[in-house]
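A.B. asks: the following comprises the amino acid sequence and a computationally predicted model.
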Amino acid sequence: MPHYNAYDSFKTKKSIEKKKRAKERAFGKNNDTADDFIIECCNTYGIVIEVRYDDAYVLFNNEIILAKLRNDINLVCNQVVFPGDKVVVEKNNDTYIINHLLKRSSILSRTKKDSTRLEDIGTTKNIAANVDLAVIVVAAKEPPLHPKFIDRYLMILQNSNIPVIICLNKCDLKSSEDEETLSVYRDLGFTVVETSTYSNIGIDNLKQQLLNKQAIFVGNSGVGKSSLTNAIMGDDEIKTSHVSDKSKRGRHTTTTSKYYIWEDNSSIIDTPGIRSLDVSTFEPMEIQDYFPEFENWKDKCKYSDCLHFNEPYDTCIVKQGVASGLISINRYESYLRIMSDVLDIKDYSEVLNSIYPEEVKKKSK
């Protein structure tokens, strides 16, 4: 009889291998059935609007139908199709069958950093497909604005080649510190939209950004993604919730990604709130490429493979740029947090303490 820990490790390994094989089958890697399942194009198709465990709601011929995967796929539905997917369906007796999946233009995924009853840490979770625009929704308060969460989402979205805008919801509660944070992203070239569903501010501006696009709302729990979707849709049918008074963290009201059409050729995928984002799968050298403010500095460092992390201050021009105030200290600290995750280093405080003059350190508090 194996030791409990060994057996548990064995089960974990088998589970990972099983999930890997499921992904390969689902996305057509080395599998004839999946290769036949995914096709290049079709004139008549439906759009997946919500996925359950073994079936999916599909918008087909202007009505919502419930459809199942064809039998030979041999996978549960939520491992194969996702909101935004285009699928070819056929009615067999009284059941609609998803026979084919049209090749995707994009897929948004994340690696879970937190575990749940159904998913382990490190599980790659696909969220939505064929996204034209991602909206990172943050709040001025309840929950408070966390730019480091924005930075991680920017990395994931840019890595997926999905255009992105930032939406500050509850903007009527905005502080001067929030405005300073947003100005950093505006200076980097990102579009920032400010909204308040409570005061009906900025909704038309947001609609203009979303027109003729299949967009996705992403962000922490409680920031108001569903409330924004309600405002754009012009109704209040989507469930919304308040932030927990005790934890100041939002409750997960939206539990699965759902698809909404609010105008011709214009749709929104509303996603569950996410409390943590794992970026540890990125290579250390590539992370700096997602920080465009480093661009004019990083090539001037003494060493070509400089990570702008543990290297000496006098050899790293990026660190000098931060200390001089020409690179945002908050963005650099966000970079250090991400590098710590990737390099599996628990504490980066020594890096900060070794390079920042006292007045610069105060700005990061």
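C.D. replies: Received the coordinates, thanks. If you're wondering where the values come from, they're calculated on a predicted model, not measured in any experiment. Residues are numbered from 1 along each chain as shown.

A.B. asks: what are the ranges of the strands in this protein?
C.D. replies: Taking DSSP state E to define them, one finds strands in the chain at 38-39, 46-51, 56-60, 63-69, 86-92, 95-102, 107-111, 124-129, 133-139, 164-169, 192-194, 214-218, 258-263, 266-270.

A.B. asks: who does the first one pair up with?
C.D. replies: Here strand 38-39 is paired, per DSSP bridges, with strand 95-102 (parallel).

A.B. asks: so for residue 44, what's the nearest residue that isn't a sequence neighbour?
C.D. replies: The shortest distance from residue 44 to any non-neighbouring residue, by Cβ to Cβ, 6 or more residues apart in numbering, is to residue 88 (7.2 Å). For every residue, glycine as well, the C-beta is placed using N, CA and C.

A.B. asks: got the contact list for the one you found?
C.D. replies: 39, 42, 44-46, 98-102 (Cβ atoms under 8 Å, 6 or more residues apart in numbering).

A.B. asks: if you set the cut-off to 10 Å instead, what comes out?
C.D. replies: Shown in contact with residue 88 (Cβ atoms under 10 Å, 6 or more residues apart in numbering): 37, 39, 42-46, 60, 97-102.

A.B. asks: for those, which one is nearest residue 283?
C.D. replies: residue 101 (30.0 Å; Cβ to Cβ).

A.B. asks: is it true that that closest one touches residue 58?
C.D. replies: No: using Cβ atoms under 10 Å, residue 101 makes no contact with residue 58, being 11.4 Å away.

A.B. asks: give me the common contacts of the two.
C.D. replies: Residues within reach of residue 101 and of residue 58 at once, by Cβ under 10 Å, 6+ apart, are 45, 48, 81, 85-87.

A.B. asks: so which of those is the closest to residue 299?
C.D. replies: Relative to residue 299, the closest of the shared contacts of residue 101 and residue 58 is residue 85; by Cβ to Cβ it sits at 41.0 Å.

A.B. asks: how many neighbours does the closest one have?
C.D. replies: Residues near residue 85, counting by other Cβ atoms under 10 Å, number 25.

A.B. asks: please apply the same query to residue 174.
C.D. replies: For residue 174, using other Cβ under 10 Å, the count is 18.

A.B. asks: kindly report the same for the one 4 residues further on.
C.D. replies: The number of residues packed around residue 178, counting by other Cβ under 10 Å, is 21.

A.B. asks: likewise for residue 332?
C.D. replies: There are 25 residues near residue 332, going by other Cβ under 10 Å.

A.B. asks: need the contact list for the closest residue to it other than its chain neighbours.
C.D. replies: Residue nearest to residue 332 in three dimensions, not counting chain neighbours: residue 322, with 4.5 Å by Cβ to Cβ, 6+ apart. Shown in contact with residue 322 (Cβ under 10 Å, 6+ apart): 293-294, 297, 308, 316, 328-329, 331-333, 335-336, 352, 355-356, 360, 364.

A.B. asks: any weak-confidence spans in this protein?
C.D. replies: For the chain, the stretches flagged by pLDDT under 70 are 1-35, 110-124, 235-256, 273-276, 356-365.

A.B. asks: ends of stretch 261-272, how far apart?
C.D. replies: 18 Å (Cα to Cα, to the nearest Å).
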